[in-house]
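S.K.: generate a structure from the sequence data that follows.
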Amino acid sequence: MIDNHQKNIATFIHLSTFSRFIIPFGNFLGPIILWVANKDKSDFIDKHGKQAINFQISILLYAIILGSITIPFFIFKIFSGLDFIDFNGFENFHINLGKPSALLYIGGALGVLAIGAFILELVFIVIASLKARDGEFYNYPLTINFLK
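M.R.: From the prediction side, this is the model:
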């Protein structure tokens, strides 16, 4: 039987990932601290803790991959002649809105993909928190199970 204390701890494990907006790497530290301190108390807490940590590690891995694909497109665009913005000193600022290259479009599309993935991550965390509050288990989508 899952009591309210276990549900609350599992909920806070998921919600502690939002601490990254205050503490660097808080999305890892919060769930790990709560999970390690409480994993032996309940199988329910153990499963939620592993799922939250696995999801955060998976998101980090996906962000590294997406960033390593996106950043070169912007770097190649910046060093390809700088024809998009032409800066001619402080008293004469001239913007040349020439035709942007395909690299800029590809990089921008990948940036929009990253923003969409961030929004989905927040939604999935809230859903997992609500499921934990209700005493249900939630599997995050596209999660690699590093901790089993």
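S.K.: could I get the full set of helices for this protein?
M.R.: For the chain, applying DSSP state H gives helices covering 4-15, 26-38, 43-78, 102-133.
S.K.: closest one to Ile144 among those?
M.R.: Of all the helices of the chain, helix 43-78 sits nearest to Ile144, with 4.7 Å by C-beta to C-beta. All C-beta spots, glycine's among them, are computed from the backbone N, C-alpha and C.
S.K.: which strands or helices does that closest one pack on?
M.R.: Judged by 3 or more C-beta pairs under 8 Å, 6 or more residues apart in numbering; DSSP states H and E, helix 43-78 is in contact with helix 4-15, helix 26-38, helix 102-133.
S.K.: now do the buried residues in it.
M.R.: Neighbour-count burial for helix 43-78 flags 44-59, 70, 73-74, 77 (criterion: 16 or more other C-beta atoms under 10 Å).
S.K.: what's the answer for stretch 25-41, then?
M.R.: Applying 16+ other C-beta under 10 Å to stretch 25-41 flags 26-28, 30-32, 34-35, 38-39 as buried.
S.K.: mind listing residues that contact that stretch?
M.R.: If you take C-beta atoms under 8 Å, 6 or more residues apart in numbering as the criterion, stretch 25-41 is touched by 6, 9, 12-14, 16-20, 23, 45-46, 48-50, 52-53, 56-57.
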